[in-house]
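> next one to model:
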Amino acid sequence: MGRQAVRRLPRDRGMIPAAARWMTESGAQLAHVQQAWTTGRLAEVPIGRLWDVVRITDRLGRMTLARAAALGAPIGPVLEVPARGVVEVVVPPGTAAAWPALPWTTAAASGHLICPVPPMHRAGGRGRAPRHWLVPPVGPHLATDPDALCESVAAELLHRAITAELLRHDTYVHPDTTAKGDAR
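Coordinates of the predicted model:
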């Protein structure tokens, strides 16, 4: 619990009770969460009781979440961890056991999620906060739909593979051209 946070308290204090409730329902002790946050540290919240976590590399994770949101999938709490180059997506319990072996993803059903005070959005450029909420744990969704997340990861990986193959063979035709190099 000794990891340092960038800010001591958020400006929107209305998020603190909702986030603390979410964390204590997940198995964290309220006194530990409050002590960590009031002393500028990150709170440890156990994984596996009410939710699991899927970790996805940062860029793939952001593209995946955008794809899932565009499909109307519920998106629960999401942390970005720049030091690890990942996003951590809260998913329903049992997801880790069923998560397929998709490249650049891992799923955890145990351990701890290290949580900053919400909203703890990044204040500036990359690397300024050790971890921060992309989606704080205070919205209407307590977890991201795992099927939509998995399908979105697979779709994004397929998109990347097809694009890389087309570029490798120099056969990619941009939609704004009628043939290679010819502008419409």
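> when you work out contacts or count neighbours from here on, use the C-alpha atoms and nothing else.
OK.
> what's the nearest residue to Pro93 if we skip its chain neighbours?
Of all residues not flanking Pro93 in the chain, Trp51 sits nearest, at 4.3 Å (C-alpha to C-alpha, 6 or more residues apart in numbering).
> in the longest helix that the chain contains, what's buried?
In the chain, assigned by DSSP state H, the helix with the most residues is helix 146-168. For helix 146-168, a neighbour-count test (16 or more other C-alpha atoms under 10 Å) marks Pro146, Ala148, Leu149, Cys150, Ser152, Val153, Glu156, Leu157 as buried.
> list just the nearest of the residues you listed to Gln29.
Nearest to Gln29 among the buried residues of helix 146-168: Pro146, at 26.9 Å, using C-alpha to C-alpha.
> how much space between the closest one and Arg41?
30 Å (C-alpha to C-alpha, to the nearest Å).
> and Thr163, by the same measure?
Using C-alpha to C-alpha, we find Thr163 at a distance of 42 Å from Arg41.
> OK, contacts around the residue nearest to Pro93?
Trp51 makes contacts with Ser26, Val90, Val91, Pro92, Pro93, Gly94, Ala109, Ala143, as judged by C-alpha atoms under 8 Å, 6 or more residues apart in numbering.
> mind redoing it with 10 Å?
Counting by C-alpha atoms under 10 Å, 6 or more residues apart in numbering, Trp51 makes contact with 26, 89-96, 108-110, 142-144.
> same question, Met63
Contacts here follow C-alpha under 10 Å, 6+ apart; on that basis Met63 touches Ala69, Ser152, Val153, Glu156, Leu157.
> and what of Ala154?
The contact partners of Ala154, taken as C-alpha under 10 Å, 6+ apart, are Thr64, Leu102, Pro103, Ala148, Arg160.
> out of those, what pair is the most spread apart?
Largest separation among the contacts of Ala154 by C-alpha to C-alpha: Ala148 and Arg160, giving 18.1 Å.
> isn't Arg103 up against Cys150?
Heads up, residue 103 is Pro, not Arg. No: in this structure, Pro103 is not within contact of Cys150 by C-alpha atoms under 10 Å, at 11.4 Å.
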